[in-house]
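Visitor: Got a predicted structure plus its sequence, pasted below:
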Amino acid sequence: MPVTTPNRRLTDPARPTVFSSARVIDPARGLDAPGAVLVAEGRIIAAGPEVLNQGTPDGWEIVDCAGKIVAPGLVDMRVFIGEPGHEHRETIASASRAAAAGGVTTMITMPDTDPVIDDPALVDFVMRRARDTARVRVHPMAALTRGLKGNETVEIGLLSEAGAVAFTDGRQSVSSALVMRRSLRYARDFGALIVHHVEEPTLAAAGVVTEGEFATRLGLAGIPREAEIIMLERDMRLVALTGGRYHAAQISTSDSVEIIRAAKARGLDVTAGVSVAHLTLNELDIGTYRSFLKLSPPLRAEEDRLAVVAGLADGTIDVVVSSHDPQDVEMKRHPFAEAGSGAIGLETLLPAAMRLVHNGDLDWLRLFAVLALNPARRLGLDVGTLSPGAPAALIVVDPNLAWVVVRSQLKSHSKNTPYEEARFEGRVVRTIVGGETVFEG
């Protein structure tokens with residue numbers, strides 16, 4: 001049965017464990033082969049086909065993974081929570097339960113809280129709350145500008161020392177090129193990463209869906225694709241000017257893929273992410289004004305979706321995120337144009353992304369690279385791999401398990417999923433963090 005108590009663990013972390021008869025996938029070593037994984041004292045001891053011939057030491061727990069995949073736990077780079085300030089939407093504890101059920105062993109939380117995470121004491125608060133209440137690893141991003149207002153860069157050095165893994169204004173874009181230039185230069189001196197929501201705010205202000213024929217038919221105000229393209233182009237110029245480290249939080253258009261591809265060809269220290277919703281859904285899925293599909297950036301035309309999938313497959317796009325953004329019922333129970341933007345996604349991140357494997361768009365190694373290895377490396381974390389000595393943050397996945405998303409059964413406080421009643425093939429059946437089983441279903 002799934003775990004329901006906030007801090008309950010299902011196994012004794014002191015007891016060594018063998019995950020046997022598995023298909024072991026580790027993108028860090030290019031490994032996709034039958035084998036086993038040995039875990040002891042919270043770390044990976046060995047993983048791969050060579051373990052099959054070593055036998056099982058006396059006293060070890062044996063987990064039979066026949067027909068299943070053992071892979072690194074996911075690292076989700078874009079998770080919004082409500083704590084502090086809006087705990088009715090999501091707490092660190094409830095988000096971590098949803099993460100464990102979805103195979104996310106490391107959550108990177110956004111600073112869009114009340115108060116905003118723009119002070120070392122608040123970074124420390126998030127980390128302490130996570131230690132006390134979360135069953136997965138939690139690392140906060142701090143705000144890039146004070147109060148997310150886009151005017152004054154935060155104390156990047158002090159916040160990095162406090163534990164912030166990157167800097168972002170979350171849902172907001174920094175509209176001032178001067179502020180962004182100064183921030184990139186300042187962050188460069190500390191080796192810090194800036195993560196930016198690429199959307200020109202004045203172009204996007206009045207819109208709720210992508211501008212075009214579909215928006216016109218629905219009678220909804222459109223956001224031109226150029227809102228994303230212009231901001232991303234600007235940022236690439238500023239990265240070239242400053243030599244900063246930069247990550248586009250989410251891109252969603254074919255032009256954006258080309259911009260990132262060109263920036264990488266120039267040798268800029270640039271990476272890009274995409275939400276799983278923009279990989280698997282398009283604007284037509286909005287149907288009859290389904291507010292759970294009101295997202296930022298908005299869902300795009302099928303041509304853009306296909307271009308983004310191709311960019312992910314060829315390595316132009318580096319990371320896939322859930323963009324988990326809980327909204328309560330009162331925020332979504334409005335006409336589409338007035339509803340809040342955002343959708344939950346921790347529990348459906350991997351199943352939705354596995355559609356790309358089942359469709360032949362990605363292979364398994366690439367899937368776990370963009371969901372685990374690449375975000376961990378970009379943030380300087382020691383997870384995302386099954387290499388010996390790495391922390392034992394891993395998942396057991398049944399790739400053929402068919403199931404239907406039932407909103408009431410999701411573990412997040414909020415239930416605003418764009419995949420309600422969606423049929424998926426593949427699901428996490430066990431999640432291990434620090435050698436402890438934190439979810440089994």
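Guide: Received, thanks.

Visitor: Which residues outside stretch 206-215 are in contact with it?
Guide: Counting by CB atoms under 8 Å, 6 or more residues apart in numbering, the neighbours of stretch 206-215 from elsewhere in the structure are 218, 220-225, 227, 283-284, 286, 294, 298-301, 336-337. Placement of C-beta: from N, CA and C, glycine included.

Visitor: go again using 10 Å as the cut-off
Guide: With CB atoms under 10 Å, 6 or more residues apart in numbering as the test, stretch 206-215 has contacts from 203, 216, 218, 220-228, 252-253, 282-284, 286, 289, 291, 293-301, 304, 335-339, 341.

Visitor: and what of stretch 217-226?
Guide: Identification of contacts with stretch 217-226 by CB under 10 Å, 6+ apart yields 199-200, 203-216, 230, 233, 252-256, 283, 286-289, 294, 296-298, 300-301, 304, 335-337.

Visitor: again, only this time at 8 Å
Guide: For stretch 217-226, the surrounding residues in contact (CB under 8 Å, 6+ apart) are 199-200, 203-204, 206-212, 215-216, 253, 255, 286, 289, 297-298, 300, 304, 336-337.

Visitor: Please save the CA atoms from it in CSV.
Guide: Output in CSV follows, covering the C-alpha atoms of stretch 217-226 (Å, rounded to 0.1, in the frame of the first residue of the first chain):
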residue,chain,number,x,y,z
ARG,A,217,-12.1,30.5,-32.1
LEU,A,218,-12.3,30.4,-28.3
GLY,A,219,-12.7,34.2,-28.1
LEU,A,220,-9.7,34.4,-25.7
ALA,A,221,-6.9,37.0,-25.6
GLY,A,222,-3.7,35.6,-27.1
ILE,A,223,-0.1,35.8,-26.1
PRO,A,224,2.2,36.0,-29.1
ARG,A,225,5.0,33.4,-29.3
GLU,A,226,7.3,36.3,-29.7
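
Visitor: roughly how far is it from the heart of the chain?
Guide: Using CA atoms, centre = their mean, to the nearest Å, the mean C-alpha position of stretch 217-226 is found 27 Å from that of the whole chain.

Visitor: Stretch 38-53 too?
Guide: Taking the mean C-alpha point of stretch 38-53 and that of its whole chain, the gap between them comes to 27 Å (CA atoms, centre = their mean).

Visitor: what mean pLDDT does that stretch have?
Guide: Along stretch 38-53, the predicted confidence averages to a pLDDT of 91.

Visitor: how about that stretch: buried residues?
Guide: For stretch 38-53, a neighbour-count test (16 or more other CB atoms under 10 Å) marks 38-40, 44-48, 51 as buried.

Visitor: just to revisit the earlier point, pull out the buried members of the contacts of stretch 217-226.
Guide: For the contacts of stretch 217-226, a burial check counting by 16+ other CB under 10 Å picks out 199-200, 203-204, 207-211, 215, 253, 255, 286, 297-298, 300, 304, 336-337.

Visitor: Out of the residues you listed, which sit inside strands?
Guide: Among those, the ones falling in strands (DSSP state E) are 209-210.

Visitor: Tell me which of the buried ones among the contacts of stretch 217-226 fall in helices.
Guide: 203-204, 215, 255, 304 (DSSP state H).

Visitor: what's the closest of the residues you listed to Leu159?
Guide: Among these, Ala204 lies closest to Leu159 (CB to CB), at 27.8 Å.

Visitor: Would you agree that closest one is in contact with Ala227?
Guide: Yes - under the criterion of CB atoms under 8 Å, Ala204 is in contact with Ala227, at a separation of 4.4 Å.

Visitor: Do you have the helices of the stretch 301-441 of the chain handy? List them.
Guide: 302-313, 329-332, 349-358, 364-368, 374-379 (DSSP state H, counting those that start in this stretch).

Visitor: And the ones you listed, which one averages the lowest pLDDT?
Guide: Ranked by mean pLDDT, these end with helix 329-332 at the bottom, a mean of 87.

Visitor: List of residues touching it?
Guide: Surrounding helix 329-332, the residues in contact under the criterion CB under 8 Å, 6+ apart are 291-292, 339-340, 414-416.

Visitor: Nearest residue to Pro375 in space, please, no chain neighbours.
Guide: In this structure, Pro375 finds its nearest non-sequential neighbour in Val75, 4.2 Å apart by CB to CB, 6 or more residues apart in numbering.

Visitor: can you list the domains in the chain?
Guide: Following the assignment in automatic domain parsing, the chain carries domains at 17-70+391-440, 73-379.

Visitor: ok now the last one, how far from the chain's centre?
Guide: Right, the one you point to is domain 73-379. In this view, domain 73-379 has its centroid 8 Å away from the chain centroid, taken as CA atoms, centre = their mean.

Visitor: Quick one: end-to-end distance for that domain.
Guide: Across domain 73-379, the terminal residues are separated by 15 Å (CA to CA, to the nearest Å).

Visitor: Next, Leu241: secondary structure please.
Guide: When the structure is split into helix, strand and coil by DSSP: H, G, I helix; E, B strand; the rest coil, Leu241 lands in helix.

Visitor: That one: neighbour count?
Guide: The number of residues packed near Leu241 is 12, by other CB atoms under 10 Å.

Visitor: Looking at the most far-flung residue of the chain relative to its centre now. What's its pLDDT?
Guide: In the chain, the residue that sits farthest from the middle, by CA atoms, centre = their mean, is Asp58; the gap is 38.6 Å. Asp58 carries a pLDDT value of 74.

Visitor: does it belong to a helix or a strand, and which?
Guide: Element membership for Asp58, per DSSP states H and E: none, as it lies in no helix or strand.

Visitor: ok, now the one 4 residues further on?
Guide: Ile62 is located in strand 61-64, with elements delineated by DSSP H and E.

Visitor: Val270 and Ala262 touch, don't they?
Guide: No - assessed by CB under 8 Å, Val270 is found out of contact with Ala262, at 9.8 Å.

Visitor: Touching both of these two, which residues are there?
Guide: With contacts taken as CB under 8 Å, 6+ apart, Val270 and Ala262 have Met236 as neighbours in common.

Visitor: Name the residues of stretch 419-437 that are buried.
Guide: If you call a residue buried by 16+ other CB under 10 Å, then stretch 419-437 has these buried ones: 419-420, 422, 424, 426-437.
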